[in-house]
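**Q** Got a sequence here, can you build the structure:
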Amino acid sequence: MKIIKSTFLLLLVTNTFFAQKKIEYIYPKAELNKSLVQELLDNTGTSSIKGTAMLKGKHVGYFMQVSLFPLTDYFLQYLELEKQLGTKGKKRASISPEVLSYRIITKVNGNDGSFEFTNLKPGKYYIEGYLNVVKEKKSAYYVGQNSTTFEGSYISGPPIFQEFSYNKINGYYISGTAEIANDGEVATTIIKN
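**A** Got it, this is the predicted structure:
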């Protein structure tokens, strides 16, 4: 009996250890070309990118943040890692805080999902946004049952349920790329899931 208890305890501890395993972040091996990134984002260009944010074929509404990153070798490696590892496993692709600091952020301007980045230089850019979609759901839980007595007999009535509302939140990444070939050009793009 002691062997069975010991084995069970060992299995329980082992399962708990593996179930609690933290996420391992994998970073690209390429070096960040800081001079190129700083040059592309120095706010002295005359080009712009106009885009539309779409989720499931519909325009994204107001106030979603959209980020623009120069599409360097480092970032291309990150995107390849993200494709290989996915977003739900124990290993996930990530970029360093330094790389994250080299970006421009704007917001979706209108109900048509439009956004714009200005003062850019020619180059390739990766654009992404993260959107939380909140849906109100309704449900009910059992709280009791009406009952009565009639001529000494117990009669049960219908069950009583209490309705309640809750929010279900789904998060979506939407992304796309854009390329500006010449200074002064206005590139267009659609970012979507």
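
**Q** Quick check: which ranges of the protein have low pLDDT?
**A** Low-confidence segments of the chain (pLDDT under 70): 1-20, 62.

**Q** Going along the chain, name the helices of this structure.
**A** Per DSSP state H, the chain carries helices over the ranges 2-19, 34-40, 73-85, 97-101.

**Q** how close does Glu80 get to Ile191?
**A** 19 Å (CB to CB, to the nearest Å). Yep, even glycine has a C-beta here, placed from its N, CA and C like the rest.

**Q** With neighbour numbers in mind, choose between the two.
**A** Between Glu80 and Ile191, counted using other CB atoms under 10 Å, the more crowded position is Ile191 (24 against 12).

**Q** is that one in a bridge, and if so with what?
**A** Taking DSSP bridges as the rule, Ile191 bridges to Ala53.

**Q** Quick check: it touching Gln65?
**A** No. With contact defined as CB atoms under 8 Å, Ile191 does not reach Gln65; the gap is 11.9 Å.

**Q** correct me, but Thr52 touches Asp112?
**A** Yes. Applying CB under 8 Å, one finds Thr52 in contact with Asp112, separated by 7.1 Å.

**Q** Show me what Asn132 bridges to in the sheet.
**A** Assigned bridge partners for Asn132, using DSSP bridges, are Gly171.

**Q** picking that back up, what touches both of Ile191 and Gln65?
**A** In terms of CB atoms under 8 Å, 6 or more residues apart in numbering, Ile191 and Gln65 are both contacted by the residues Gly129.

**Q** all strands for the protein, in order.
**A** 24-26, 47-55, 58-59, 65-70, 91-93, 104-107, 114-120, 123-150, 153-180, 186-192 (DSSP state E).

**Q** Those strands: which one's closest to Val37?
**A** Of all those, strand 65-70 sits nearest to Val37, with 5.0 Å by CB to CB.

**Q** who does the closest one pair up with?
**A** strand 104-107 (antiparallel), strand 123-150 (antiparallel).

**Q** For it, buried residues please.
**A** For strand 65-70, the buried set under the neighbour-count rule, 16 or more other CB atoms under 10 Å, comprises Val66, Ser67, Leu68, Phe69, Pro70.
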